[in-house]
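**Student:** I'd like to go over a predicted model; first the sequence, then the structure.
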Amino acid sequence: MKTPESRKASQCTPDAHGRDVRTLRDLSPAQIRSGIAAWLGWMFDGLDMHLYTLVAAPFVMQLLQASSPADPAVKSKSSWIQAAFLVGWALGGGFYGRIGDLLGRSRALSLTILTYAAFTGLSFVAQTWWQLLIFRFLAALGIGGEWAIGSSLLAETWPRRWRPWIAAVLQTGVNIGVLGACLTVYMLATITGRLGVSYQPRFVFLAGILPALMVFWIRRHVPEPEEWQSARARAGEDTPRLIDLFRGGVLGTTIKAIFVCATSLTGWWAFLFWHAQHLRNLPELASWTGTAREQLVSKAFFLVIAVSMAGNFFGGWLARRLGFRRGMVVMFGGMFLAMTGAFFEPHDYRGLVWFWFPLVGFFSGVFGLFTMYLPPLFPTLLRTTGAGFCYNIGRLVSAAGTVIFGLFSQVGDFRLALLYAGFLFPLALFAALLLPEPET
C-alpha cells in the first residue's frame with residue numbers, strides 16, 4: 001500500500017512552471033537535457049555491461065591458457081567473474097542510489113558513469129582471471145547505480161502520463177549500447193580474421209572508456225530536479241534512511257518488488273550469459289574456426305537485442321492499455337513460453353539464432369517497464385535508494401544463479417540449465433500480481 005507521501009511523490013509536475021506538456025515541443029530545455037543525459041547514460045550502460053558477456057569464454061580461456069572454451073576451468077572462472085559483476089551491480093545500486101538521494105541525481109549520475117567507464121577500460125590490462133574479476137566488480141558498481149538514478153531523474157522531470165513510453169525509450173538506449181558491444185566484438189573478430197592475426201578479445205574493453213567524455217557535459221548542463229530540491233529543503237537534516245524501506249506502508253512494496261526483480265533477473269541473466277556458451281558448444285559447430293563461432297555468437301546476440309527494442313515498445317503499449325502490473329504479467333508469461341520452446345528439446349543453430357533467441361529477446365521488454373514502474377512507488381528522498389535497492393538486490397540472487405546454472409550443467413551442454421532457468425518467470429508473474437499499480 002502506498003503512503004500519502006509516495007502518492008504525492010509519484011505525481012511529477014509536467015514541467016518546471018506547472019504547464020501541461022502534451023508534445024515534445026512543450027518540453028523545457030532542462031527536461032530535454034535530462035532526457036538526453038539519462039538516455040546516453042543507459043546507452044553506455046548497455047555497452048559496458050555486455051562487452052564481457054560476449055567475450056567471456058575466449059578471454060578467460062586466454063587468461064587461463066586453456067585449449068578450448070569448453071574447458072571446465074573456463075566455464076567455472078567465467079561464471080565466477082560474471083557473478084562478481086552481478087554482486088557489484090547490486091551493491092552499486094544500493095550505494096549510488098543512496099548517493100542520488102543525498103547529493104542529487106545529476107551529481108550521482110556523473111559519478112556512476114566515471115566509475116563504470118574507468119574500470120571497464122582497465123579490464124584491458126587484466127593478466128589473470130582474478131584481476132578481471134576485480135575490474136568487472138568495480139565497473140558494475142557504477143552500472144548498478146546508473147539504473148536507479150537515470151530512471152528517477154526522468155520520473156521527476158518528465159510528464160507522468162508519458163511513463164510507459166519513457167520506459168521503452170530508456171530501455172532502447174540500453175539495447176543500442178548492447179548492439180554497440182556486439183558491433184565492437186564482431187568488428188574485432190572480422191578484422192583479426194582478415195589480417196590473419198590472433199584474436200585478442202581484451203581490446204573490446206577499450207571501447208568502454210568512451211562514456212567518461214559525457215560527464216563534463218552532464219555536470220554543466222543538467223540541473224537537479226526541482227522535486228528533489230524541494231524535498232531535500234523540506235527534510236533538512238531529517239532525511240529518510242535505508243531502514244525506512246522496511247518500515248510502515250513501504251515495507252510490503254519493498255519485499256514484493258525485491259522478489260519480482262530477483263526471480264526475473266536471475267532467469268534473464270542466466271539466458272544472457274549461458275545462451276552464448278550453449279551456442280558455441282553445439283556439436284554442429286565443432287568443426288568451425290574460432291573466428292566463425294564468435295561471429296555467429298555476435299550475430300545471435302545482435303538479433304536478440306534488436307528484437308528486444310520492439311519488445312520494449314510492446315511492453316509500453318501493454319502498460320498503457322492494461323497498466324504496468326498486468327503488462328509485466330503478460331510479458332513474464334511470454335518469456336516463460338519462449339524459454340521453454342528454446343530449450344525443451346535440442347534445436348540446430350539456425351532455429352535458435354533466427355527464431356527462439358529473438359523471441360526470448362522480444363519478451364525481455366518487460367525489464368524496460370521496471371524503469372518507470374519502480375521509482376514512483378517510493379517517497380522522493382527514498383526514490384533512488386528504493387528503486388536501486390529493490391532492482392539491484394536481484395543481482396545478488398542472479399549472481400548465485402549464474403554460477404549455479406553453469407556449474408551444475410553438463411560440460412559443454414547448457415540446454416537443461418537454461419530450461420530450468422525459464423521456470424523462474426512464472427514465480428515473477430505471480431509475485432507481480434501482488435504489487436500495487438502506480439498512478440498514471
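**Tutor:** Everything's here; your move.
**Student:** so how many other residues sit close to the residue nearest to Leu282 when sequence neighbours are not counted?
**Tutor:** Take Leu282 and drop its neighbours on the chain: the residue closest to it by CB to CB, 6 or more residues apart in numbering is Tyr349, 5.5 Å away. No exception for glycine: its C-beta is placed from N, CA and C like everyone else's. Using other CB atoms under 10 Å, Tyr349 has 18 other residues around it.
**Student:** shouldn't Trp42 be in contact with Ala168?
**Tutor:** No - assessed by CB atoms under 8 Å, Trp42 is found out of contact with Ala168, at 11.8 Å.
**Student:** contacts only, for Thr128.
**Tutor:** Counting by CB atoms under 8 Å, 6 or more residues apart in numbering, Thr128 makes contact with Leu63.
**Student:** quick check: it vs Ile134, distance?
**Tutor:** Using CB to CB, to the nearest Å, Thr128 is found at 10 Å from Ile134.
**Student:** and for Tyr52?
**Tutor:** Taken as CB to CB, the span from Tyr52 to Ile134 is 13 Å.
**Student:** next: Gln62.
**Tutor:** 17 Å.
**Student:** swap in Gln171?
**Tutor:** Counting by CB to CB, the gap from Gln171 to Ile134 is 29 Å.
**Student:** also Ala148?
**Tutor:** Distance from Ala148 to Ile134, by CB to CB: 24 Å.
**Student:** how about Pro379?
**Tutor:** 36 Å.
**Student:** kindly report the same for Cys182.
**Tutor:** In terms of CB to CB, Cys182 sits 25 Å off from Ile134.
**Student:** now stretch 277-293 - C-alpha only, PDB.
**Tutor:** Written as PDB, here are the backbone C-alpha positions of stretch 277-293 (Å, rounded to 0.1, in the frame of the first residue of the first chain):
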ATOM      1  CA  GLN A 277      28.100 -20.700 -24.300                       C
ATOM      2  CA  HIS A 278      25.300 -23.100 -25.400                       C
ATOM      3  CA  LEU A 279      25.600 -21.900 -29.000                       C
ATOM      4  CA  ARG A 280      29.400 -22.100 -29.100                       C
ATOM      5  CA  ASN A 281      29.300 -25.700 -27.900                       C
ATOM      6  CA  LEU A 282      26.700 -27.100 -30.300                       C
ATOM      7  CA  PRO A 283      28.100 -30.300 -31.900                       C
ATOM      8  CA  GLU A 284      27.500 -29.000 -35.400                       C
ATOM      9  CA  LEU A 285      29.800 -26.000 -34.700                       C
ATOM     10  CA  ALA A 286      32.700 -28.200 -33.600                       C
ATOM     11  CA  SER A 287      34.500 -28.000 -36.900                       C
ATOM     12  CA  TRP A 288      34.100 -24.200 -37.200                       C
ATOM     13  CA  THR A 289      37.000 -21.900 -36.700                       C
ATOM     14  CA  GLY A 290      37.100 -19.800 -33.500                       C
ATOM     15  CA  THR A 291      36.500 -16.600 -35.600                       C
ATOM     16  CA  ALA A 292      33.500 -18.100 -37.300                       C
ATOM     17  CA  ARG A 293      32.000 -19.200 -34.000                       C
END
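**Student:** please spell out which residues along it are buried.
**Tutor:** Buried positions in stretch 277-293, judged by neighbour count with 16 or more other CB atoms under 10 Å: 277-282, 285, 290, 293.
**Student:** and the contacts of that stretch?
**Tutor:** Identification of contacts with stretch 277-293 by CB under 8 Å, 6+ apart yields 56-58, 69-70, 75, 189-190, 192-193, 199, 296-297, 300, 348-349, 352-353, 406, 412-415, 418.
**Student:** same deal with stretch 297-308?
**Tutor:** Applying CB under 8 Å, 6+ apart, the contact partners of stretch 297-308 are 50, 53-54, 171, 175, 178-179, 182-183, 185-186, 189, 275-276, 279-280, 352-354, 357-362, 364-365.
**Student:** mind giving me the ChimeraX select for these, buried ones only?
**Tutor:** Buried subset of those, written as a ChimeraX selection, criterion 16+ other CB under 10 Å:
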select :50,53,54,171,175,178,179,182,185,186,189,275,276,279,280,352,353,357,358,359,360,361,362,364,365
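**Student:** that'll do, ta.
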